[in-house]
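In: Whatever this is, show me its structure:
(chains A and B)
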2 protein chains.
Amino acid sequence: MELLRRKILEEGKGIGNDIVKVDMFLNHRIDTELLYAMGEAWAEAFRADRPDLVLTVEASGIAMAVAAAHAMGNLPVVFAKKSKTAVQGQETVQAPVYSFTHKTQNMIRIERRYLPEGSRVLIIDDFLADGQAVRGMMSLCEQQKATVIGVGIAVEKGFQPGGKALREQGIHLKSLAVVDRIEDGQIILRPDDD
Amino acid sequence: MELLRRKILEEGKGIGNDIVKVDMFLNHRIDTELLYAMGEAWAEAFRADRPDLVLTVEASGIAMAVAAAHAMGNLPVVFAKKSKTAVQGQETVQAPVYSFTHKTQNMIRIERRYLPEGSRVLIIDDFLADGQAVRGMMSLCEQQKATVIGVGIAVEKGFQPGGKALREQGIHLKSLAVVDRIEDGQIILRPDDD
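Out: The predicted model follows:
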């Protein structure tokens, strides 16, 4: 997506080999005009798959999920909550999410009734690296017998394995920008696929 | 605001004397149509005060902040991050937020450059009870020499002191619904002020 790509190149910062810092417009300060253009881009990519619910995980996925949901006619949004601990409960469903960055495992959790059986779910998140958060959300859907119709990502780290694995599995994945690599603090993007 | 009031009365649940459970449409599952109507209501209340930035705190404030910012011509949104610990840093500004519910004190924090001196800030949050989160955000603004032009809240607990104190201080506060009390699991709302 051209607008996001331009923002990343102009304002984003690469740190070390693998950190893509975009918090000046995406996940601390939010460029709201960009955000709603991103929502439209996801809507265009996924409208034909007729999602009826947008699923994300707190915190920074929420803004993107509501922008996407708004662009598709105000679909409901459900955001999974993060928790340090596993809690058994009949009313909730949970899945583990391992963070390679922090070397810790957290749980994500939703109330079952907010993800009804048979839902057609569009998963939205800000970053895709190893794919652990997306896998966790897919597990919530599977446990609830909901169908994942696609995964919309703002920034995919193409040098990490999450995106490739999802595509090979046949998941409809739309990353609005894919970082190929970081060189001397410069973010190098892959050519756009559309 | 009529639409939110109706939702609270029809779907919300009162628990004990002071818990207002609205996570079925506001802060776990989000009714996106309601969300954007709320954004319009805040825009109507605050447009004349010419905010140039919307400030909230993660996680559930984010959806409301982007809806309000969108309704006011895509203002930038900044969300403060929560942290268990105080960290000194030249680049960040922080404020303590005491939670009466959890009997704990957390810090909220933003990068200074995202809240520039002289900003005209609209604070948005989902709940107002004791007012600690709003006070924390007001402190961030004061430390940055930014002006708080108003505070937009979804659900104010009118039986707790936060809203009254802000009004007495002359802060322009717009709560879209005010809970007067909870009786036998029933949420009783105050009459709308507009």
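In: list the helices and strands the longest helix along chain A packs on?
Out: Longest helix in chain A by number of residues (criterion: DSSP state H): helix A:32-46. Here helix A:32-46 touches helix A:2-11, helix A:61-71, strand A:120-128, strand A:147-157, strand A:173-183, helix B:61-71, going by 3 or more Cβ pairs under 8 Å, 6 or more residues apart in numbering or on different chains; DSSP states H and E. To be clear about C-beta, it is placed using only N, CA and C from the backbone, and glycine gets the same treatment.
In: please redo it, this time with the cut-off set to 10 Å
Out: Under the contact definition 3 or more Cβ pairs under 10 Å, 6 or more residues apart in numbering or on different chains; DSSP states H and E, helix A:32-46 sits against helix A:2-11, strand A:53-57, helix A:61-71, strand A:120-128, strand A:147-157, strand A:173-183, helix B:61-71.
In: Roughly how far does A:Val66 sit from chain B?
Out: Applying Cβ to the nearest Cβ, to the nearest Å, the value for A:Val66 to chain B is 5 Å.
In: So what pairs up with the residue nearest to the spatial centre of chain A in the strands?
Out: When Cα atoms, centre = their mean is applied to chain A, the residue found nearest the centroid is A:Asp125 (1.6 Å). Beta-bridge pairing of A:Asp125 under DSSP bridges involves A:Ile153.
In: what's the angle between the longest helix of chain A and helix B:61-71?
Out: With axes from the mean of the first three to the mean of the last three Cα atoms, to 10 degrees applied, the angle from helix A:32-46 to helix B:61-71 works out at 100 degrees.
In: Excluding chain neighbours, what is closest to A:Arg167?
Out: A:Leu173 (5.7 Å; Cβ to Cβ, 6 or more residues apart in numbering or on different chains).
In: per-residue confidence for that neighbour?
Out: pLDDT, A:Leu173: 98.
In: picking that back up, which among the helices and strands packed on helix A:32-46 is found nearest to B:Arg112?
Out: Minimum separation from B:Arg112 across the helices and strands packed on helix A:32-46 (Cβ to Cβ) falls at helix A:2-11, 16.8 Å.
In: Which neighbouring elements make contact with the closest one?
Out: strand A:19-21, helix A:32-46, strand A:147-157, strand A:173-183, strand A:186-189.
In: can you give me the offset of that helix from its chain's centre?
Out: Centroid displacement of helix A:2-11 relative to its chain, using Cα atoms, centre = their mean, to the nearest Å, is 18 Å.
In: in it, what counts as buried?
Out: A:4-5, A:7-8 (16 or more other Cβ atoms under 10 Å in any protein chain shown).
In: quick one: A:Val97 and A:Asp125 touch, right?
Out: No. Using Cβ atoms under 10 Å, A:Val97 is not in contact with A:Asp125; the gap is 11.1 Å.
In: before we move on, the earlier item: to B:Val179, which of the helices and strands packed on helix A:32-46 lies closest?
Out: Closest among these, once you apply Cβ to Cβ, is helix B:61-71, at 16.9 Å.
In: Would you mind checking the average pLDDT for the closest one?
Out: Rounded mean pLDDT across helix B:61-71 is 98.
In: does it come close to chain A?
Out: Yes. Using Cβ under 10 Å from any Cβ of the partner chain, we find that helix B:61-71 touches chain A at B:61-70.
In: Who are the contact partners of the nearest residue in space to A:Leu3 that is not next to it in sequence?
Out: Counting by Cβ to Cβ, 6+ apart, A:Leu3 lies nearest to A:Ala37, which is 5.2 Å off, once chain neighbours are set aside. Going by Cβ atoms under 10 Å, 6 or more residues apart in numbering or on different chains, A:Ala37 touches A:1-4, A:31, A:67, A:71, A:176, B:74.
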